[in-house]
Structure formats: C-alpha cells, structure tokens
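> I need the structure of the sequence given here:
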Amino acid sequence: GMVGRVSLNEERRCLTCASERGYGIYLSVPLERYCWRSFAGGGFSFAELFGQSRVLALVGGRPSPCGFSESSIVLWDDESSRRLWELKLFSPIVG
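Have a look, this model is predicted:
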C-alpha cells in the first residue's frame, strides 16, 4: 500500500512507516524490516514509535481501521496488540 508518513524514533535506530493498510517498523542500520502490521478496513496517516519500546502513537487514515479515527491519537502496544490510551479531538489531525 501507499506509505503516508515515515518517521525516525528519538535514537534514530528505528523507522516507522504509516500506510493505507497498516504500519511497519524497520531497523535503520542496517535497513531491515522488524515487523509489519496489517489492519482490516484501512490504515494510518501517522505512526510514531516511542524510543525503542513497542509503543506507537497512531492516527487513523482514510479509510481507518475499526476503532481508529483521523481525529484521535491512540497509544498502541504493538507487542500485545492493544490500545493503551486515546485522545479524541474535534477535527482531523493533519501535518
């Protein structure tokens, strides 16, 4: 799927890619895929990894997977595939 946004974590050791079908985490040196997560029903416009943890900030894309939205930020535990926290806003998150 089309990649929406690519970001580096604080240590610049991991890349996170948000796409219309899910997200991927890559090691930056050497460049190698660590994991890819697909979601039924859509993908993400933003995916940011916190340090070297397996916790990400996710923002739903168009279309968004069930339970995700363009107007909320979800802290997601990749290891256990569960929502840790959510901040709902009144308008879509851009930029």
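> contacting residues around the strand or helix carrying W36?
Using DSSP states H and E, W36 maps to strand 31-38. Applying C-beta atoms under 8 Å, 6 or more residues apart in numbering, the contact partners of strand 31-38 are C14, L15, R21, G22, Y23, G24, I25, Y26, L27, D78, S81. (C-beta placed from N, C-alpha, C; glycine too.)
> Out of these, which sit inside strands?
C14, L15, G22, Y23, G24, I25, Y26, L27 (DSSP state E).
> tell me the two of those residues that are most distant?
G22 and L27 (17.9 Å; C-beta to C-beta).
> More neighbours: which of the two?
Using other C-beta atoms under 10 Å, the more surrounded residue of G22 and L27 is G22, with 20 against 12.
> quick one: contacts for that one?
G1, W36, R37, S38, F39, G43, F44, P65.
> run the last query once more with 6 Å
Contact analysis of G22 by C-beta atoms under 6 Å, 6 or more residues apart in numbering lists R37, S38, F39, G43.
> between these, which has the most around it?
Going by other C-beta under 10 Å, G43 tops the contacts of G22 with 26 neighbours.
> quick one: V3 from S53, how far?
Distance, V3 to S53, by C-beta to C-beta, to the nearest Å: 22 Å.
> Check Y34 too.
Y34 sits 13 Å away from S53, going by C-beta to C-beta.
> Tell me which residue is most central in this protein.
The residue lying closest to the centre of the chain (C-alpha atoms, centre = their mean) is A47, at 2.5 Å.
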